[in-house]
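Trainee: Please work out how this folds:
(chains A, B, C and D)
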There are 2 protein chains.
Amino acid sequence: MTTGTEDADDTEAVTDDLLVLLLRQLTVESDRFAEMFGESHGLHRTDLNALAVIMDAARMGDPMSPSRLASALHLSASATTAVLDRLERAGHLYRDRSSTDRRKVELRMHDQARRIGAEFFQPLGQRYAEAWRDMGEDERRAVARFLRSSIAATVEVRGRLAP
Amino acid sequence: MTTGTEDADDTEAVTDDLLVLLLRQLTVESDRFAEMFGESHGLHRTDLNALAVIMDAARMGDPMSPSRLASALHLSASATTAVLDRLERAGHLYRDRSSTDRRKVELRMHDQARRIGAEFFQPLGQRYAEAWRDMGEDERRAVARFLRSSIAATVEVRGRLAP
DNA sequence: AGTGAATAGTTCGACCATCGAAATAGTAGG
DNA sequence: CCTACTATTTCGATGGTCGAACTATTCACT
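Mentor: I've put the predicted structure just below:
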């Protein structure tokens, strides 16, 4: 695939347009990667996202509830129930009624799902580490600054979209 | 939102883990941005992706065909027909049978869709330009190198998944 | 205590995006 | 021209998602 904007010539100026293009390519590729990974494990995009959110929450100590998951995934309550049904039926997690508020359900993962998560991230993480191995400390700082400002910009423009 | 890994302190070491985290946050945010944008225009994710692919092809001079669009979107032929039906019914594009091979259909965009595309990218692009304004030339090169190697890494790991 | 309002989650019926298979139309080779 | 092939569409079925109605639980107020 040719972009018409290449020539990775190190002496060429790096325009904003080029950065936008690269950013878009990266999101497209990582999107496609997630899609293929899910496909090979019988998981839909939504299920993968749900697992990621639940795993992140678990890592921080407080277990997810269906309603928080719903708003994190921009999904209706009923759709969230369906997602959790699928994941529970597949043995990736189980529901646990909260002991303090028995309306609430706490979502806990099975080790199996944790293993899938590791299987997902490890190869990519290792390959990333390899790709970034020869970056100097100042370069890494520049990249981190770039990523942070881009995230903030995206969040801000999205915020303007909401009523 | 707190990640547990921050302190944007410029003297802190930028680990691979931090870069992975930032990368994931960025893809999540841009994903969400696209979702909200599409929602506000009555377009599904697939429709937005299709418009982007068709617009890119048009910019390079050769109009998309349904089958090439299908493989670009990882979609079946029939699903692609449905997408195009939606987009045509909404007035974003029209079908044009090729004059040289009358089996083929060429997809052309209406100005309306081009305007939507501009409306999509301009605010984000401007905000990005603003966010990156104070980056030096060497920093930009580092970032471009980082993005390119990350894209390549993603493509490669995905490739291993395929067989 | 006890009634009413609010919150958490699930079930139900409908919709629509996607799929695979078959149908239609056109092209190319022998 | 007849067969094989390509490009696209149509059709029936599957399944993810939604909104509305329902159950269970908690909170506020008297």
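
Trainee: and A:E137, what is it in contact with?
Mentor: Neighbouring residues of A:E137 by C-beta atoms under 8 Å, 6 or more residues apart in numbering or on different chains: B:A13, B:V14. From N, CA and C alone the C-beta is placed, and that goes for glycine too.

Trainee: backbone phi and psi for it, please?
Mentor: phi -60, psi -40 (degrees, to the nearest 10).

Trainee: Around DNA strand D, which positions in chain A sit nearby?
Mentor: By the rule C-beta under 7 Å from any atom of the strand, the part of chain A lying against DNA strand D is A:44-46, A:74-79, A:82-83, A:86, A:101-103.

Trainee: Which member of the residues you listed is positioned nearest chain B?
Mentor: Nearest to chain B among the residues of chain A next to DNA strand D is A:H74, at 6.7 Å by C-beta to the nearest C-beta.

Trainee: now the helices for chain A?
Mentor: A:16-40, A:45-59, A:66-73, A:77-89, A:111-131, A:137-161 (DSSP state H).

Trainee: B:F120: which of those is closest?
Mentor: Among the helices of chain A, the nearest to B:F120 by C-beta to C-beta is helix A:137-161 (10.1 Å).

Trainee: which stretches of chain A have low pLDDT?
Mentor: Along chain A, segments meeting pLDDT under 70 span A:1-11, A:163.

Trainee: sorry, back to before: quick one: which of the residues of chain A next to DNA strand D has the most company?
Mentor: Within the residues of chain A next to DNA strand D, most neighbours by other C-beta atoms under 10 Å in any protein chain shown means A:V83, with 21 neighbours.

Trainee: just checking, that one touches A:A50?
Mentor: Yes: the criterion here is C-beta atoms under 8 Å, and A:V83 meets it with A:A50 at 5.2 Å.

Trainee: what do the two both touch?
Mentor: Common contact partners of A:V83 and A:A50 (C-beta under 8 Å, 6+ apart): A:L69, A:L73.

Trainee: show me what contacts the closest residue to A:L51 other than its chain neighbours?
Mentor: Nearest residue to A:L51 in three dimensions, chain neighbours excluded: A:A113, at 6.0 Å (C-beta to C-beta, 6 or more residues apart in numbering or on different chains). A:A113 makes contact with A:L51, A:M55, A:L87, A:H92, A:L93 under the criterion C-beta under 8 Å, 6+ apart.
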